[in-house]
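Visitor: Pasting the sequence and the predicted coordinates here, then a few questions.
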Amino acid sequence: MDFEPSNNRGAASTKIVIAGGFGVGKTTLVGSVSEIDPLRTEALVTDESEGVDDISQVPTKHTTTVAMDFGRITLGEDLILYLFGTPGQKRFWFMWDDLCLGAIGAIVLVDTNRLDEAFSPLDYFEEKGLPFIVALNQFDQGPQFELEAVREALALPAHVPMIRIDARDRESAKGALIRVTEYALERLASQVPVS
């Protein structure tokens, strides 16, 4: 995919953050849906991670995002989404505040093999007050749980949307972007005072 300048001069643009723990599929999601070659800041996982990051649950992962992933997708003719994938390793989380500036919403990507890694990202967005959805990334070898069972395990409020996705599949990833955009607009509309 080569870079193509947008011909949507009258289109609105906005920012969506894709977040989650290490190895949950953030880079994959941005890459599968971006209409431009995504910017990736991948580095090899090195011995520096030992004792700092727990990578034992994803032994086949050899690279990690050290700053961000960036992509772009145009929805319809009037909305351009700029996608910012966060680094998953906790030692890079200091960048999350900057990556979230100006975002209308976030997708918290969750691996059901490692639900415990979802709590910190969920707490982060709840504390920030940034609208977010939870997307369960369907890994081939991952356990399949009912959405309500996962909601209960994560102590997720009923109003927060939760969906299943396959981050490798463009249409599935696009569905998550549409849902978080809809949810952010719903939240914004509910905050507007009625005159």
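Guide: Good, I have the coordinates.
Visitor: so residue 75 touches residue 180, yeah?
Guide: No - in this structure, residue 75 is not within contact of residue 180 by CB atoms under 8 Å, at 11.5 Å. Where C-beta positions appear, they are placed from N, C-alpha and C, glycine not excepted.
Visitor: Among these two, which residue is more densely surrounded?
Guide: The residue with more neighbours, out of residue 75 and residue 180, is residue 180; 26 against 13, by other CB atoms under 10 Å.
Visitor: Doesn't that one belong to a helix?
Guide: Yes - with the criterion set as DSSP: H, G, I helix; E, B strand; the rest coil, the secondary structure at residue 180 is a helix.
Visitor: For the closest residue to residue 138 other than its chain neighbours, what are phi and psi?
Guide: Sequence neighbours aside, residue 166 is the residue nearest to residue 138 in space, at 5.0 Å (criterion: CB to CB, 6 or more residues apart in numbering). Residue 166 adopts backbone torsions of phi -120, psi 110, taken as degrees, to the nearest 10.
Visitor: Give me the pLDDT value at residue 166.
Guide: Confidence at residue 166, expressed as pLDDT, is 94.
Visitor: Spit out the contact partners of it.
Guide: 137-138, 172-173 (CB atoms under 8 Å, 6 or more residues apart in numbering).
Visitor: Looking at those residues, point me to the pair that's furthest apart.
Guide: Greatest spatial distance in the contacts of residue 166: 138 and 173, 11.7 Å, computed using CB to CB.
Visitor: least trustworthy position among the contacts of residue 166, going by pLDDT?
Guide: Sorting the contacts of residue 166 by pLDDT puts residue 138 at the bottom of the list (86).
Visitor: So what's the residue count around that residue?
Guide: If you count neighbours by other CB under 10 Å, residue 138 ends up with 17.
Visitor: Distance check, it against residue 24.
Guide: Going from residue 138 to residue 24 by CB to CB, to the nearest Å gives 11 Å.
Visitor: same question, residue 30
Guide: Between residue 30 and residue 24 the computed distance is 12 Å (CB to CB).
Visitor: Then residue 115?
Guide: Going from residue 115 to residue 24 by CB to CB gives 11 Å.
Visitor: who has more neighbours, the two?
Guide: Taking residue 115 and residue 24 together and counting by other CB under 10 Å, residue 24 has the greater number of neighbours (27 against 16).
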